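Got a predicted structure here, sequence first:
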Amino acid sequence: MTNIHLKKLKANIIQSNSGIYYGVNVQHKWIRKSTTSSGFGTIDGDSNTVRNNVSLIDKRK
C-alpha cells in the first residue's frame with residue numbers, strides 16, 4: 001500500500017474537470033486512465049485582441 005503524507009497543499013486553479021479529495025480511499029483492482037488538455041498559451045504586448053482562436057492537441061506525445 002502506498003502512503004502519501006503532505007504538510008501543505010496549495011491549489012492555484014480548480015477547473016470543472018478537477019477536484020481535491022481527502023480521506024481513506026480503498027480501490028481494489030481498479031484500472032483507470034484519464035487525460036486533460038487545456039491551455040491558451042502566451043500573448044505578449046499591449047492591447048492585444050484574440051480572434052478566431054483554434055486549439056490543436058497532439059496526442060502522439
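Right, received. Where do you want to start?

center of the chain - which residue?
When Cα atoms, centre = their mean is applied to the chain, the residue found nearest the centroid is residue 36 (5.9 Å).

Isn't it up against residue 19?
No: counting by Cβ atoms under 8 Å, residue 36 stays clear of residue 19, with 11.7 Å between them. For the C-beta atoms, the positions are set from N, CA and C on the backbone; glycine is no exception.

any idea how far residue 7 is from residue 13?
To residue 13, residue 7 is 21 Å away according to Cβ to Cβ, to the nearest Å.

residues contacting residue 41?
Neighbouring residues of residue 41 by Cβ atoms under 8 Å, 6 or more residues apart in numbering: there are none.

repeat that with 10 Å
Shown in contact with residue 41 (Cβ atoms under 10 Å, 6 or more residues apart in numbering): 50, 53, 55.

What is the nearest of these to residue 24?
If you rank the contacts of residue 41 by distance to residue 24 using Cβ to Cβ, residue 55 comes first, at 38.5 Å.

For burial, what's the neighbour tally of that closest one?
Number of residues near residue 55 (other Cβ atoms under 10 Å) recorded here: 9.

What strand or helix carries it?
Using DSSP states H and E, residue 55 sits in no helix or strand.

From residue 4, how far out is it?
33 Å.

now residue 24
12 Å.

and if you look at residue 50?
From residue 50 to residue 4 the distance is 39 Å (Cβ to Cβ).

Between the two, which is the more surrounded one?
residue 50 (8 against 4).

Tell me how many other residues crowd the closest residue in space to the more buried one that isn't next to it in sequence.
Spatial nearest neighbour of residue 50, excluding adjacent residues (Cβ to Cβ, 6 or more residues apart in numbering): residue 43 at 6.7 Å. The criterion is other Cβ under 10 Å. On that basis, residue 43 has 8 neighbouring residues.

No further queries at this time; thank you.
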